[in-house]
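**Student:** Structure of the sequence below:
(one chain, ligands or ions: 1)
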Amino acid sequence: MLTLLSLPNLNSLTLARSPLRPPRPSLPLRNPSRLNFASTPQPPQFPHLSISAVRLSIAPPKSASSVNGFASEGFVEEGRDRRWIEVLRSALPGGTWWELPGHVDVGDAEPVTVVSALRRMWDLIAQDRWVVFVAFVGLVVAAVQTVFFIFVSCIVLFLSQTSHGRLVAFGDLDTTLLDGISFFGSEWRGYGFPTECTALDSVLRCFRNSQVKRMREKLYSSLLFQDISFFDSETVGDLTSRLGSDCQQVARVIGNDLNMIFRNVLQGIGALVYLFILSWPLALSTLATCIVLAFVILLHGQFDKWLKNLADISLRQSVAYGLWNFSYNNLYHSTQVVAVLIGGASIVAGHITVEQLTKYILYCEWLIYATWWVGDNLSSLMQAVGASEKVFRLMDLLPGVKLQRLLGRIEFVDVSFHYPSRTMVHILQRVNLSIFPNEVVALVGLSGSGKSTIVNLLLRFYEPTDGKLLIDGFPLKDLDIKWLRENIGYVGQEPRLFRMDVGSNIRYGCPRDVNQEDVELAAKQAYAHDFIMSLPNGYQTTVDDDLLSGGQKQRIAIARALLRDPSILILDEATSALDAESEHNIKGVLRSVNENTKKKRTVIVIAHRLSTIQAADRIVVLDGGQIVEMGRHSELLKKGGSTFSSIVGVRFMWKLMPEHHDDDDVHLFVHVPLKKSLPTHNRDVQIKIEDSGLFSELYVVKGTKIGREILSVNLA
Ligand SMILES: Nc1ncnc2c1ncn2[C@@H]1O[C@H](COP(=O)(O)OP(=O)(O)OP(=O)(O)O)[C@@H](O)[C@H]1O
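**Tutor:** Here you go, the predicted structure:
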């Protein structure tokens, strides 16, 4: 990080603090991130400027500068002049040299107003507003005192010339009093705006830190409820930056920038008023200097926006800073030169006294100083406003409507979808599906057909790119996402367990108060109670992802979902790791819960087992992101639709449950779908069941051959 010592030309900017001289800004230390020259070992080099600019804009045509291949002197001279003019023009603010390569994004597309940003920040510090009010009063006291300090000091100084001891003593007393007021004012202001090293500094920083903390908490809780699509498009680094530096920057606005702006505006106005009282021509000349200085500072602040975002413009940064530094020093000194010239003439002419000129010069310094601070803090404020836009946008993504009760009616209306990371691949295309309250719907389809995507949309992990998704008639995006997810039970294929006891794992995330009996009832419904009781400490046994089998974890996850008593239950291959018997039992339990409890529920199940699918009220067959068939199992078989047959047949061929088959060799009625190479009507086919541990495998035997051509099996 840059210090004053690393830039020798900055030393002239730091003057010792004395009662008669306002503290001069030590610029790089004030805001190091904005003036970080660590990567610029050399001081600004203007030759770079000319070389680069020549390359950009100077390319005189050969014919203009040469005659028969020889350069004409007049042309050369003219060309050189023009070149220098071009170089200078390109280096001026807004010139071509400052332009950045087209592909670089230098800022936010959407502007945010200072007023709206400040209003949001004001809301954020609602409970600490009294601190800010008190601090502002301190600020005003300190600023007024500062303005009068010079006035009183000059009186004391010039009284001492006349050696009126008592008056000097009175003046000293007055100065001491003002010093005291200044001290308390600054300390008091510092309580609200901890920006300077005051005695209370460490305590005072707590206020700003609490602002940052509050903002981070709010932002973080907002992030937790974002769609998964949000995390597809936002990188972890960006979010960390929002939580880290952006929150700091936004908190700095109230705690620092506004404080400094108000303080310096007050002091500047005080100084300016006094200057006009002393001598209006002198005051006008200083005012003109201040306006130019403010313009230069603001211009530099604009470049800061780029400097922060881009790594490859350190050269421009150096030049911009050099120009700024040059302007500041010269403008500052010019006010003193003007003051001495005009003021000297005015003293000779008898218009003002030496004392008045002294006061004038001192107030000039204050005014320049105040202008510098206001300009610098304004550009810093603009940066913070830019940062606040992203922070507030994320915070605003919070709640929607909470319904009194969720009935469980789900409607997909012309829903199309593609994932943000693969915009060219259409995953769902114009899906229209109405699921009624308490209905059990099975989604089937080949791998990649979009079953889980439908569930992802329902859980609002993503939003449809087209069409509407309604729950109980309300657009899903208008509903309070936290409330909605509390009312939906979701069990995935690979549920996660936390390293804590089984009971706590079942209770995890349950939004209502439950007792041990409720937990055990849910575990019994999920056929998990017996195996839990066989663990060393029953429900108190500590488990984690590695200590239980896939099927046991699924049963705990199902118990967890049942305990919440959700209005909508989604099972995304939630029983895939269960043995056939457990799966059969759980399927029955889910069905009976749905029918027998007071609170009915809508169930959406994605499964590949025939037995599970058969239990559904309706089967929805997906292919390539579209619904191709829909109906009861028997209806679909009767229709003989090729998609359903191929999907269901192939899947179930490998996952038939053994209890239907007592013998190794059985004859079953097998539905044979339309296929050119196979007969088009039902026929008896010999099948063979082979038990391979977890699943029984079904081989379709045609004659002596073992084949897998039969695409669906009807065990009815
Ligand atoms: N986060 C994602 N980003 C991009 N593409 C995705 C994402 N998740 C899924 N996909 C793609 O979307 C398509 C549909 O996936 P989906 O998981 O919905 O299929 P599925 O029918 O549930 O498959 P399976 O039965 O294998 O679980 C697939 O081509 C998949 O590669």
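
**Student:** if I've got this straight, residue 570 is in a strand?
**Tutor:** Yes: inclusion of residue 570 in a strand is indicated when DSSP: H, G, I helix; E, B strand; the rest coil is applied.

**Student:** show me the contacts for it.
**Tutor:** Contacts here follow C-beta atoms under 8 Å, 6 or more residues apart in numbering; on that basis residue 570 touches 455, 458, 459, 488, 489, 490, 491, 603, 604, 605. Placement of C-beta: from N, CA and C, glycine included.

**Student:** what does residue 344 give?
**Tutor:** residue 357.

**Student:** distance of it from the ligand?
**Tutor:** 77 Å (C-beta to the nearest ligand atom, to the nearest Å).

**Student:** now residue 492
**Tutor:** From residue 492 to the ligand the distance is 10 Å (C-beta to the nearest ligand atom).

**Student:** Please give me every residue in contact with that residue.
**Tutor:** Going by C-beta under 8 Å, 6+ apart, the list of residues near residue 492 reads 557, 572, 573, 574.

**Student:** so which of those also contact the ligand?
**Tutor:** Contacts with the ligand are made by none of the contacts of residue 492, judged by C-beta under 6 Å from any ligand atom.

**Student:** For those residues, which single residue is the most surrounded?
**Tutor:** Counting neighbours by other C-beta atoms under 10 Å, residue 574 comes out on top of the contacts of residue 492 with 28 neighbours.

**Student:** Could you look up the SS state of that residue?
**Tutor:** Assignment for residue 574 (three-state DSSP): coil.

**Student:** wait, it sits on residue 491?
**Tutor:** Yes: using C-beta atoms under 8 Å, residue 574 is in contact with residue 491, at 3.8 Å.

**Student:** Quick check: neighbours shared by these two?
**Tutor:** With C-beta under 8 Å, 6+ apart, residue 574 and residue 491 have common neighbours 554, 557, 558.

**Student:** so residue 627 bridges to which residues?
**Tutor:** Beta bridges link residue 627 to residue 622 when assigned by DSSP bridges.

**Student:** Can you report how many residues neighbour it?
**Tutor:** Neighbour count of residue 627, defined by other C-beta under 10 Å: 21.

**Student:** Tell me who's in contact with it.
**Tutor:** Residues in contact with residue 627 (C-beta under 8 Å, 6+ apart) are 431, 432, 433, 620, 621.

**Student:** Same list (those residues) but as JSON lines, adding distance to residue 87 and neighbour count.
**Tutor:** As requested, the contacts of residue 627 are exported to JSON lines (distance: C-beta to C-beta, whole Å; neighbours: other C-beta atoms under 10 Å):
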{"residue": "431", "distance to residue 87": "63", "neighbour count": "24"}
{"residue": "432", "distance to residue 87": "66", "neighbour count": "12"}
{"residue": "433", "distance to residue 87": "68", "neighbour count": "18"}
{"residue": "620", "distance to residue 87": "71", "neighbour count": "21"}
{"residue": "621", "distance to residue 87": "72", "neighbour count": "24"}
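
**Student:** quick one: which of those residues is nearest to residue 425?
**Tutor:** Nearest to residue 425 among these: residue 431, at 15.5 Å, using C-beta to C-beta.

**Student:** Backbone dihedrals for that closest one, both of them.
**Tutor:** Residue 431 has phi and psi values of phi -80, psi 130 when expressed as degrees, to the nearest 10.
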